[in-house]
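A.B. asks: coordinates only, sequence not included:
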């Protein structure tokens, strides 16, 4: 019985890691799209927060927050926020920035 619980725990850890990678890849794609629409250079994307929760659809899933850094004028760096539920983009916060 202990072996079964250990296998289930290891499987849960592996599944959690796998889903975090899927969400991180989706965040990178969303950050690239935001940078392209703003006509800025994307510098980096990093996970800020990751947790399991109930999504807006009422189903359990992953809620994640990502920080993406971008440059608009070659000198200044700005940080925007992406809020994702699973792979779906829910909200974007972009600070005021200079435009070329």
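C.D. replies: That came through fine. These figures come from a predicted structure and were not determined experimentally.
A.B. asks: how close does residue 86 get to residue 39?
C.D. replies: Separation of residue 86 from residue 39 (CB to CB, to the nearest Å): 29 Å. C-beta: built from backbone N, CA, C; applies to glycine.
A.B. asks: compare the two (neighbour count), which wins?
C.D. replies: residue 86 (17 against 9; other CB atoms under 10 Å).
A.B. asks: bridging residues for residue 46?
C.D. replies: residue 67 (DSSP bridges).
A.B. asks: wait, what's in contact with it?
C.D. replies: 66-68 (CB atoms under 8 Å, 6 or more residues apart in numbering).
A.B. asks: from what I see, residue 84 and residue 61 are in contact.
C.D. replies: No - assessed by CB atoms under 8 Å, residue 84 is found out of contact with residue 61, at 9.7 Å.
A.B. asks: out of those two, which sits in the more crowded spot?
C.D. replies: Neighbour count, other CB under 10 Å: between residue 84 and residue 61, residue 84 has more, with 23 against 19.
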